[in-house]
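**Student:** Sequence isn't available, so here's the structure alone:
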């Protein structure tokens with residue numbers, strides 16, 4: 001099925017695991033000639049895959065000094081810049097696309113090289129909150145569509161949240177039409193009593209060779225994971241929370257929907273739950289959706305005062321080799337290992353169980369999401385594993401939105417039509433599951449050793465592992 005037709009040129013910036021995985025989806029589902037696609041990337045990774053598909057592949061690292069001239073030579077009004085790179089500023093690219101009149105999509109708000117760990121900046125200034133605020137500043141005025149942060153998470157999970165809320169409303173007898181405005185969705189979240197939202201993910205993929213000493217192994221971008229992991233842990237901060245964590249800080253600018261902790265996300269663990277894994281400890285890695293979801297579902301009164309907002313954060317248990325890699329990384333004071341390996345062909349089994357866990361409503365907890373196995377991913381789209389395909393199909397859905405809505409300006413995943421996005425994504429997500437649970441972070445606590453807990457199970461202090 002062709003989801004959209006596109007007459008312009010497409011420049012794919014970056015061609016790592018996501019670029020290589022999304023190219024077959026673009027060729028299959030977007031009606032456009034191959035000779036209108038050019039890959040521009042910093043190294044020769046994936047050159048053989050580009051040649052296999054008959055697509056131009058140019059090795060050209062973009063910098064502050066050359067990005068504008070190089071992209072102006074390749075893009076014009078009505079063209080599309082698909083940014084899947086690292087170390088190139090998303091905000092600079094969106095500003096350039098606005099000047100040119102080109103469409104744009106990325107999977108995170110990326111800074112220039114070194115921005116994640118620039119010690120001349122405060123933790124607040126190098127946070128995802130700050131990066132998001134810099135992108136939202138571009139919302140002023142109309143312009144060509146720029147879809148910000150639309151991969152699996154951030155991106156796809158925002159559509160999962162809306163579907164999960166509609167499921168809960170149905171199953172609790174809360175009669176409601178599908179909301180059509182941000183205020184309508186925030187009102188529904190408040191009426192359902194949604195206090196906490198986890199992006200709860202468990203990756204069980206394993207390879208035929210284990211991680212070696214001095215090697216970082218992962219199933220998706222290692223640079224991206226380590227960059228996020230070195231940023232401060234961040235979470236949307238709910239209106240039901242009683243007290244800021246001792247190391248928690250508020251930002252002194254922006255929407256005030258989130259806080260950060262004075263420690264890296266890769267060293268911060270939280271209790272969470274997925275249906276197949278059950279209770280687990282995940283990393284509270286900073287992600288844009290933790291902030292955008294909390295902000296989107298903030299209900300305010302006429303004066304602007306917050307009436308309701310859920311706490312929202314990532315709870316990520318990566319593949320076991322990645323857990324070992326993070327442990328080694330932390331021991332080296334967050335200095336990257338000399339060797340990196342992206343698991344792809346060597347994966348022998350496992351799945352990515354990626355979903356959203358909504359808590360505090362009358363039925364307790366509800367997980368909704370994708371269970372995609374490595375076997376299914378390989379059968380569906382070449383050059384993918386289970387983790388990458390969940391990202392790639394969401395990139396496709398975001399591109400279709402931009403093509404169908406070319407003058408929407410800067411938009412986040414939470415603002416898109418979730419039903420249309422899921423229509424495109426579902427054929428590639430394996431088994432979709434919605435499961436209720438009576439799990440809380442207080443389950444079986446204090447059995448071996450006494451613990452200080454709050455009687456309200458949905459307080460962040462109960463989720464955090466100390």
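**Tutor:** Nice, thanks for sending it over. Here the structure is a predicted model, which is why all the values come from computation and not from measurement. Numbering: from 1, shown residues only.
**Student:** which helix in this structure runs the most residues?
**Tutor:** Ranked by residue count, the top helix of the chain under DSSP state H comes out as helix 386-404.
**Student:** List the buried residues for it?
**Tutor:** 386-403 (16 or more other CB atoms under 10 Å). Every residue, glycine included, has its C-beta placed from N, CA and C.
**Student:** Could you give the bridge partners of residue 435?
**Tutor:** Judged by DSSP bridges, the bridge partners of residue 435 are residue 367.
**Student:** is it true that it touches residue 275?
**Tutor:** Yes. The criterion here is CB atoms under 8 Å, and residue 435 meets it with residue 275 at 4.2 Å.
**Student:** list the residues that contact both of those two?
**Tutor:** Taking CB atoms under 8 Å, 6 or more residues apart in numbering as the criterion, residue 435 and residue 275 both touch residue 367.
**Student:** neighbour-wise, which of those two wins?
**Tutor:** residue 275 (20 against 15; other CB atoms under 10 Å).
**Student:** Let me see the contact set for that one.
**Tutor:** 353, 367, 433, 435, 437.
**Student:** again, 7 Å this time
**Tutor:** Contact partners of residue 275, counting by CB atoms under 7 Å, 6 or more residues apart in numbering, are 367, 433, 435.
**Student:** give me the number of residues near the first one?
**Tutor:** To tie it back to what came earlier, the one meant is residue 367. Residue 367 is flanked by 25 other residues according to other CB under 10 Å.
**Student:** quick one: it and residue 221, what's the gap?
**Tutor:** 25 Å (CB to CB, to the nearest Å).
**Student:** now swap in residue 181 and tell me
**Tutor:** Distance from residue 181 to residue 221, by CB to CB: 34 Å.
**Student:** ok, now residue 311?
**Tutor:** Counting by CB to CB, the gap from residue 311 to residue 221 is 27 Å.
**Student:** neighbour count winner among the two?
**Tutor:** residue 311 (27 against 24).
**Student:** OK, contacts around that one?
**Tutor:** 195, 196, 235, 236, 237, 238, 241, 460.
**Student:** repeat for residue 235
**Tutor:** 258, 259, 284, 290, 311, 312, 313.
**Student:** and it, what element?
**Tutor:** Using DSSP states H and E, residue 235 sits within strand 232-236.
**Student:** If you count neighbours, what's buried in the very next helix or strand once past that strand?
**Tutor:** Using DSSP H and E, the helix or strand that follows strand 232-236 in sequence is strand 248-250. For strand 248-250, a neighbour-count test (16+ other CB under 10 Å) marks 248, 249 as buried.
**Student:** and if you look at stretch 65-72?
**Tutor:** Neighbour-count burial for stretch 65-72 [16+ other CB under 10 Å]: 67, 68, 70, 71.
**Student:** Mean pLDDT per helix and strand in this protein: which one sits at the bottom?
**Tutor:** helix 222-230 (a mean of 93; mean pLDDT, DSSP states H and E).
**Student:** hmm, back to that, kindly reformat the contacts of residue 275 as CSV containing distance to residue 318 and pLDDT.
**Tutor:** As requested, the contacts of residue 275 are arranged in CSV below (distance: CB to CB, whole Å; pLDDT from 0 to 100):
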residue, distance to residue 318, pLDDT
367, 18, 99
433, 20, 98
435, 21, 98
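**Student:** Redo those residues as TSV? Include distance to residue 209.
**Tutor:** Listed next are these as TSV, based on distance: CB to CB, whole Å:
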residue	distance to residue 209
367	32
433	31
435	34
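**Student:** Can you pull out the low-pLDDT segments for this protein?
**Tutor:** Low-confidence segments of the chain (pLDDT under 70): none present.
**Student:** And the helices in it, which stretches?
**Tutor:** Under DSSP H, the chain gives helices at 17-29, 47-52, 67-72, 90-100, 128-136, 156-171, 182-192, 222-230, 288-296, 320-331, 374-380, 386-404, 418-425, 460-463.
**Student:** Of all the ones you listed, which one is nearest residue 451?
**Tutor:** helix 460-463 (9.3 Å; CB to CB).
**Student:** What about residue 152, how many residues nearby?
**Tutor:** 29.
**Student:** Could you verify my assumption that it touches residue 392?
**Tutor:** No. Residue 152 lies out of contact with residue 392 (CB atoms under 7 Å); the separation is 8.5 Å.
**Student:** Tell me how far the residue lying closest to residue 190 once chain neighbours are set aside lies from residue 283.
**Tutor:** Of all residues not flanking residue 190 in the chain, residue 308 sits nearest, at 3.8 Å (CB to CB, 6 or more residues apart in numbering). Residue 308 sits 27 Å away from residue 283, going by CB to CB.
**Student:** Then residue 207?
**Tutor:** For residue 207, the distance to residue 283 - CB to CB - is 20 Å.
**Student:** Same question for residue 117.
**Tutor:** 17 Å.
**Student:** Check residue 346 too.
**Tutor:** Distance, residue 346 to residue 283, by CB to CB: 23 Å.
**Student:** Who has more neighbours out of the two?
**Tutor:** residue 283 (25 against 14).
**Student:** The more buried one contacts residue 264, doesn't it?
**Tutor:** No. Here residue 283 lies out of contact with residue 264, judged by CB under 7 Å, at a distance of 9.6 Å.
**Student:** and residue 252, what does it touch?
**Tutor:** Per CB under 7 Å, 6+ apart, neighbours of residue 252: none.
**Student:** And it, its phi and psi?
**Tutor:** Dihedral pair for residue 252: phi -100, psi 20, per degrees, to the nearest 10.
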